[in-house]
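K.L.:
Model the following, please.
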Amino acid sequence: MPDFLDEVKVHVKAGDGGDGVVSFRREKFIPFGGPDGGHGGRGGDVLLVADRGLNTFTTFQRNAHYKAEPGGAGAGRNRHGKDAPDLNLRVPLGTLLRDPDSGELLADLREEGQTFLAARGGRGGRGNSAFTKPTNQAPRIAEHGAPGEERWLLLQLKLIADVGLVGMPNAGKSTLLSVISNARPKIADYPFTTLAPNLGVVALDDETSFIVADIPGLIEGAHEGQGLGDKFLRHVERTRLLVHLLDGASAHPLKDFKTINAELAAFDPALARKPQIVVLNKMDLPSARKIWPRVKHSMEEKHIPVMAISAATNKGVRELVQQIAQTIATLPVEPEAELPVIRPDLPEDVFTVERAHDGWRVRGKRVERLTAMTYWNEPESVERLQRILSKMGVFEALRAAGIKEGDPVHIGDGELEWTE
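P.N.:
Okay, the predicted model is just below:
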């Protein structure tokens, strides 16, 4: 079984747009044809797609960088470049996408096929056929493709299940899950057999089913990193009901009950408020049968539903499944406590001017894209860039900031020398 990985940081880069070209029609008997440079194709987007068939991020373990294909370049005779295909990265249902610097939630992929546009592909550059004007019938102007967006993303998995099985290590959670569902977790008689959450679908009949998550064993101090619990406690957050399994072979099952609830509350107080069904397991053992009256009385005093089963012999398991189904039917679907942060994009023309150690630096979405798309070896293209920058107010802002003759001006990867 591959390692369970529920948090990973990835870098995504959308495809650059294809370059437009400078070309002129040259055919027999038409020695001075007009411009026919084709446009570049669009670069591919990077999309994250929720896939029900996945439950871990192990596919991202060996590679943290993902890049979509660039658009095709244009060509003469008005031949346009091909648009690149999108790059679809499949992630498990329940994937949270965060900004790794701010921690802000960008998206929560909870439904099959739900997508998130992680990086938008650059548009194709225009060929010189797009720049013909009455005053310039033979333009030597074209554009490089726009750069594709790129960013780092933090992916966190929060499993989606109706029921969470919690309890001390070796309480029998994996055995119970294997008995009541289609899951086949690793089972053995020692603590921490389960090293990753297991999901199982429990089907009572054709119309009634629910998903159960077996959360690896918690111990005292789990929220501080003891045992395995701190790695997996967030997978309990989306469950609507907790089945709290007590080990009938334990010397102090009621103390175990308090310990687990304290760890849930320490991690997130909302977890401790979730409805629970307490289940004493291993009733096939004399020790469990002996302690059962005390456990039953204690839970009844707390008004907590309590049942006794033997997962090993199936005794009481059918009744437990029916009780779980009946309880879930009465519980509302809780709204998410955290919602994605949606920030409106700044106007593209917004820019900033600042003094840098190597000259002046102009930053802004449109000015940097224009610079990246400029053919620096074509004087007409450079003149066009300068006209646009002037109209945007960039030159006026540089003068106001105190720029001097000969100072270098950096915009993206491009560099201009200031002359009046």
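K.L.:
thought Glu143 was touching Thr371?
P.N.:
No. At 11.1 Å, Glu143 does not count as touching Thr371 under the criterion of Cβ atoms under 8 Å. Quick note: C-beta positions are derived from backbone N, CA and C, even for glycine.
K.L.:
So these two - more neighbours on which side?
P.N.:
Higher neighbour count among Glu143 and Thr371: Glu143, with 28 against 22, using other Cβ atoms under 10 Å.
K.L.:
any idea how far that one is from Gly125?
P.N.:
3 Å (Cβ to Cβ, to the nearest Å).
K.L.:
can you map out the strands along the stretch 201-350 of the chain?
P.N.:
Taking DSSP state E, counting those that start in this stretch, the strands of the stretch 201-350 of the chain run over residues 209-214, 241-247, 276-281, 306-308.
K.L.:
Turn those into JSON lines, including mean pLDDT.
P.N.:
Below are those laid out as JSON lines (pLDDT from 0 to 100):
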{"stretch": "strand 209-214", "mean pLDDT": "87"}
{"stretch": "strand 241-247", "mean pLDDT": "96"}
{"stretch": "strand 276-281", "mean pLDDT": "98"}
{"stretch": "strand 306-308", "mean pLDDT": "98"}
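K.L.:
Include distance to Val353 and mean neighbour count when you put those into a markdown table, please.
P.N.:
Shown next, in a markdown table, are those (distance: least, Cβ to Cβ, whole Å; neighbours: other Cβ atoms under 10 Å):
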| stretch | distance to Val353 | mean neighbour count |
| --- | --- | --- |
| strand 209-214 | 53 | 22 |
| strand 241-247 | 57 | 24 |
| strand 276-281 | 60 | 25 |
| strand 306-308 | 69 | 20 |
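K.L.:
just for the stretch 51-200 of the chain, where's the confidence low?
P.N.:
Across the stretch 51-200 of the chain, the ranges flagged by pLDDT under 70 are 182-196.
K.L.:
Could you tell me how far Ser129 is located from Ala265?
P.N.:
To Ala265, Ser129 is 68 Å away according to Cβ to Cβ.
K.L.:
which ones are touching Leu157?
P.N.:
Counting by Cβ atoms under 8 Å, 6 or more residues apart in numbering, Leu157 makes contact with Asp6, Glu7, Asn55, Thr56, Phe57, Pro92, Gly94, Thr95, Leu96, His235.
K.L.:
ok, now which ones touch the residue nearest to the spatial centre of the chain?
P.N.:
Taking Cα atoms, centre = their mean, the centroid of the chain lies closest to Leu97, which sits 3.0 Å from it. Applying Cβ under 8 Å, 6+ apart to Leu97 gives the contacts Leu48, Leu105, Leu106, Ala107, Asp108, Leu109, Phe116, Ala118, Leu153, Leu154, Leu155.
K.L.:
ok, Ile309 - contacts?
P.N.:
For Ile309, the contacting residues are Leu176, Val279, Leu280, Asn281, Met283, Lys315, Gly316, Val317, Glu319, Leu320, by Cβ under 8 Å, 6+ apart.
K.L.:
Burial check on the first one, number of neighbours?
P.N.:
Right, Leu176. Taking other Cβ under 10 Å as the neighbour definition, Leu176 ends up with a count of 27.
K.L.:
Can you tell me which of the contacts of Ile309 is nearest Arg366?
P.N.:
Within the contacts of Ile309, distances to Arg366 taken as Cβ to Cβ reach their minimum at Leu176, with 59.3 Å.
K.L.:
Verify the stated contact: the closest one with Val163.
P.N.:
No. With contacts defined as Cβ under 8 Å, Leu176 does not count as touching Val163, sitting 10.8 Å away.
K.L.:
that older thread, now list whatever residues contact both of Glu143 and Gly125.
P.N.:
Taking Cβ under 8 Å, 6+ apart as the contact rule, the neighbours common to Glu143 and Gly125 are Asp19, Gly20, Gly40, Met373.
K.L.:
The nearest residue to Ile411 once chain neighbours are set aside and Arg363: what is the separation?
P.N.:
Nearest residue to Ile411, sequence neighbours excluded (Cβ to Cβ, 6 or more residues apart in numbering): Thr371, at 4.3 Å. Taking Cβ to Cβ as the criterion, Thr371 is separated from Arg363 by 11 Å.
K.L.:
Residues that sit against both of those two, list them.
P.N.:
Overlap between the contact sets of Thr371 and Arg363, as judged by Cβ under 8 Å, 6+ apart, is given by Ile411.
K.L.:
Tyr66: what secondary structure?
P.N.:
strand (DSSP: H, G, I helix; E, B strand; the rest coil).
K.L.:
So what pairs up with it in the strands?
P.N.:
Val12 (DSSP bridges).
K.L.:
Pop out the phi and psi values for Asp45.
P.N.:
Torsion angles at Asp45 (phi, psi; degrees, to the nearest 10) stand at phi -80, psi 160.
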